[in-house]
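Visitor: Build me a structure from this.
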Amino acid sequence: MSAAMKSSLSNKLQQNVSSCKILVVGAGGIGCELLKNLALTGFSDIEVIDLDTIDVSNLNRQFLFRKEHVGKSKSQVAKESTLKFNPDVNIVAYHDSVMNPDYGVNFFKKFKLVMNALDNRAARNHVNRMCLAADVPLVESGTAGYLGQVTVIKKGLTECYECRPKATQKTFPGCTIRNTPSEPIHCVVWAKHLFNQLFGEDDPDQDVSPDTEDPELTAEAGEKALEKETEGNGKDLERKSTRVWAVENGYNPEKIFSKLFRDDIKYLLSMEALWKTRRPPEPLDWSNLSDATPSSATQMRDQRIWSMKECGEVFGNCLGKLKVDLAAQGEDGMLVWDKDDETALDFVVSAANIRANIFGISQKSRFDIKSMAGNIIPAIATTNAIIAALIVMEALKILNDQFDKCTTVYLNRKPNFRKKLLDAGRLDKPNPKCYVCSAKPEVTVVLNTQKITIKFLEEKILKGDLGMVAPDVEIDNGMGTIIISSEEGETEENNEKLLSSFGIINGSRLKCDDFLQNYNLNITIAHVEKLEDEKDFMVVGDMAELQAKLEENSKKKEEGTGAALEKSKEEEEDDLEIIDDTEAMETAPTDTSPKKRKADELDCTPTAKKQKKSIGGDGDADVVEIL
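Guide: Got it, this is the predicted structure:
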């Protein structure tokens, strides 16, 4: 500990700092700054865990890493670099996922406090629950560009990370993506779905073919389009998945290009109703692509706009390379799209820009498309540094037994009317209806028991939406019927069975237990034939809340008329999820009132006030999540 630090801390606090054991989760944008700060502040017993390895894109702001470290463990290299600041610090590094069962409640109990430097919601949820179970204070943080946030979570005293519902991701109707794109992001989503259809998981919800069930089309218009598609064949064409069709044609670039960007576009043009008020798309020919390059101030490949001829060449080259990569995965193998994979990124860039050109949409540079496709907000090194310093300040308050002085601190994009960049506010008390930290965690799940399988319940609802890791589920019927077990092989035969086959009906209750998280949850099933927004399920706090929502929807049905209502209905037809990073930046907190701010309060609509948004990234690999 430096002389300056000793002079600023009391003897008691100095002793607490040097003797306590702390855990840092994440060694990326915030994590690197944080580890350096901890070492210089006098913390001498630190453990750090991070699953990632170092990428070239990390080097511009994660200053503990150098070019020679690329490909190595972040946590291990961060440890070695931090020791150069203070060789007397004892640092234990784990190159692993914090969600690994090895890091259970007993692991967390050995720490005086935990500091989060994460970039995804699933891990944040998990660490939140582990700290609640171990009764260990958690300092939570996040950054997004110039914005940042730090808060403290303590069981029974403050809101936990999951006390308030997070903002849902922005979605686009499937018919917009497949038929009538009007923005560059629509073309990027389509191109990513095309990658998955050709090389990844063949998800029917990500079909890239024209949609004959578009809400703007009458049944007669849809049938007319289908007749034109099959004209001359004498019978209906056999419907094949994009993957099967591509394999049968040997992933031939000209055939795939012609189908996607000529034949499918001509088919869309046959849906005449779609083009009454829109600019109709213009099909492209593989052998006649323009080599005209849009004017650009730079010749850097990442920054300039490619010509259609260049896009076609890149598209064809990528198809060949990805075909080889797919073959290397084996008969049932698949590829996963990664923004840092040059070939995968180039495929999406070329496909997105070709489609944009067809629909008269402005084309984007490789850099811009990487940002959109990877849900990227550029990371700012100084933001990470400020937030890391604030984490240590809150930690010092905790160790000095001044928990009542802990605050939530927001870093603003620009100074407020008091010429301050930082805005601090009180910590809120726990939400008594929180399904994670309340005394009796309960939640209601609305679904159709005759359509939802046990596997869907486990993967999409329990692990996906409710954040569990290894759930055990028992029907609360007095008979101890176990439908899901965390023990491998015990209940696999139940996976494809419907909930209704186990007698689960409206009002049934499920007892859920996650041994790893030391977390119990009671779920009440509310059976409905169909949810209005076409979703498979909906999670609500309790039956009273569900009833209020149903009454609200009913009232809207009776009162709602006109174009706005019709537009809202269209947008709910077949949603495809993607985060819009521009929207994320705009909805991050900017208010500077003295009390604790909630970002959604910037929007004064009743819907917005029901949701609490917080900054959820740390700049790691430039990927952030606005929660």
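Visitor: which parts of the helix or strand hosting Val443 are buried?
Guide: Here Val443 sits within strand 442-447, counting by DSSP states H and E. Buried positions in strand 442-447, judged by neighbour count with 16 or more other Cβ atoms under 10 Å: 443-447. Every residue, glycine included, has its C-beta placed from N, CA and C.
Visitor: go on, stretch 34-43?
Guide: Across stretch 34-43, burial judged by 16+ other Cβ under 10 Å covers 34-43.
Visitor: Can you list which of the residues you listed are found in helices?
Guide: Residues of the buried residues of stretch 34-43 located in helices (DSSP state H): 34-41.
Visitor: Columns distance to Glu248 and pLDDT on top of these, output as JSON lines?
Guide: Converted to JSON lines, these look like this (distance: Cβ to Cβ, whole Å; pLDDT from 0 to 100):
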{"residue": "Leu34", "distance to Glu248": "53", "pLDDT": "97"}
{"residue": "Leu35", "distance to Glu248": "53", "pLDDT": "97"}
{"residue": "Lys36", "distance to Glu248": "56", "pLDDT": "97"}
{"residue": "Asn37", "distance to Glu248": "58", "pLDDT": "96"}
{"residue": "Leu38", "distance to Glu248": "58", "pLDDT": "96"}
{"residue": "Ala39", "distance to Glu248": "59", "pLDDT": "95"}
{"residue": "Leu40", "distance to Glu248": "62", "pLDDT": "94"}
{"residue": "Thr41", "distance to Glu248": "63", "pLDDT": "93"}
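Visitor: Among those, which one lies nearest to Asn288?
Guide: Using Cβ to Cβ, Leu34 comes nearest to Asn288 of those, at 55.8 Å.
Visitor: nearest spatial neighbour of that closest one, skipping sequence neighbours?
Guide: Ala388 (4.2 Å; Cβ to Cβ, 6 or more residues apart in numbering).
Visitor: got a pLDDT number for that neighbour?
Guide: With respect to pLDDT, Ala388 scores 97.
Visitor: Next: Ile452.
Guide: As predicted, Ile452 sits at a pLDDT of 94.
Visitor: so who does the nearest residue to it once chain neighbours are set aside touch?
Guide: Excluding the flanking residues, the one nearest Ile452 by Cβ to Cβ, 6+ apart is Leu499, at 5.3 Å. Counting by Cβ atoms under 8 Å, 6 or more residues apart in numbering, Leu499 touches 447, 449-450, 452-454, 457, 525.
Visitor: Which among those count as buried?
Guide: 447, 449, 452-454, 457, 525.
Visitor: Serialize the contacts of Leu499 to CSV and add fields for distance to Phe108 and secondary structure.
Guide: Shown next, in CSV, are the contacts of Leu499 (distance: Cβ to Cβ, whole Å; DSSP: H, G, I helix; E, B strand; the rest coil):
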residue, distance to Phe108, secondary structure
Leu447, 33, strand
Thr449, 36, coil
Gln450, 41, coil
Ile452, 33, coil
Thr453, 34, strand
Ile454, 30, helix
Leu457, 28, helix
Ile525, 32, strand
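Visitor: So which of those residues is the closest to Ala439?
Guide: Comparing the contacts of Leu499 against Ala439 with Cβ to Cβ places Ile525 closest, at 22.1 Å.
Visitor: is that closest one in a bridge, and if so with what?
Guide: Beta-bridge pairing of Ile525 under DSSP bridges involves Val445.
Visitor: residues in contact with it?
Guide: Taking Cβ under 8 Å, 6+ apart, we find Ile525 in contact with 444-445, 447, 449, 499, 504-510.
Visitor: could the residues you listed go into TSV alongside pLDDT?
Guide: Shown next, in TSV, are the contacts of Ile525 (pLDDT from 0 to 100):
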residue	pLDDT
Thr444	93
Val445	94
Leu447	93
Thr449	95
Leu499	95
Ile504	95
Ile505	94
Asn506	93
Gly507	92
Ser508	94
Arg509	95
Leu510	96
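Visitor: Am I right that Asp205 is in a helix?
Guide: Yes. Asp205: assigned to a helix according to DSSP: H, G, I helix; E, B strand; the rest coil.
Visitor: Which residue ranges of the stretch 151-300 of the chain form helices?
Guide: 174-178, 184-199, 219-230, 242-248, 253-258, 264-269 (DSSP state H, counting those that start in this stretch).
Visitor: re earlier: nearest to Ala191, of the ones in helices among the buried residues of stretch 34-43?
Guide: Among those, Leu34 lies closest to Ala191 (Cβ to Cβ), at 36.7 Å.
Visitor: Hmm, Glu394 and that closest one touching each other?
Guide: No. Taking contacts as Cβ atoms under 8 Å, Leu34 lies outside contact range of Glu394: 11.6 Å.
Visitor: low pLDDT regions in the stretch 501-627 of the chain?
Guide: 533-534, 542-627 (pLDDT under 70).
Visitor: let's go with 50 and repeat that
Guide: Applying pLDDT under 50 to the stretch 501-627 of the chain flags the ranges 560-613, 619-627.
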